[in-house]
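Student: structure for this input, please:
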Amino acid sequence: MGRSGVNGQLDLLLLASLGAGETHGYALIARIHARSGERIELQEGSVYPGLHKLEGAGWVASRWADDDGARRRVYALTTAGQTELARRAEEWQGFAAGVRGVLGAAS
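Tutor: Predicted coordinates:
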């Protein structure tokens, strides 16, 4: 699934992936790719602006860290981000249940 398949859901994907623990941007992209069964491929050009947006909202915090001699910015959910993730996940589950119902009715 390319970028068009995640339109409108990037925030949820980033929040959910950070729910598994803090990490840097490239590793976050790899985590989403792996956890999606390699169906979702995100580009750095969308992930970093998304992370900055979430940070501006107070849902994500970042800090500089040394990783094998390289200095990288790592991102983590804040308490407010955990709350927002729970809200969005519930909203998504309701939407997905509705889509499943429509698809089932179409079969």
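
Student: hey, let's count contacts and neighbours off CA atoms from now on
Tutor: Fine.

Student: on the C-terminal side of the helix or strand residue 16 falls within, identify the next helix or strand.
Tutor: Take DSSP states H and E as the rule and residue 16 turns out to sit in helix 10-18. Using DSSP H and E, the helix or strand that directly follows helix 10-18 along the chain is strand 23-24.

Student: for that following strand, give the mean pLDDT please.
Tutor: Strand 23-24 shows a mean pLDDT of 93.

Student: ok, and what's touching it?
Tutor: 72-76 (C-alpha atoms under 8 Å, 6 or more residues apart in numbering).

Student: circling back: just the CA atoms of the helix holding residue 16, as PDB, please.
Tutor: What follows is helix 10-18, C-alpha atoms only, in PDB (Å, rounded to 0.1, in the frame of the first residue of the first chain):
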ATOM      1  CA  LEU A  10      -0.400   9.000   9.100                       C
ATOM      2  CA  ASP A  11      -0.900  10.500  12.600                       C
ATOM      3  CA  LEU A  12      -2.500   7.300  13.800                       C
ATOM      4  CA  LEU A  13       0.200   5.200  12.300                       C
ATOM      5  CA  LEU A  14       3.000   7.300  13.900                       C
ATOM      6  CA  LEU A  15       1.300   7.400  17.300                       C
ATOM      7  CA  ALA A  16       0.600   3.700  17.300                       C
ATOM      8  CA  SER A  17       4.100   2.800  16.300                       C
ATOM      9  CA  LEU A  18       5.600   5.100  19.000                       C
END
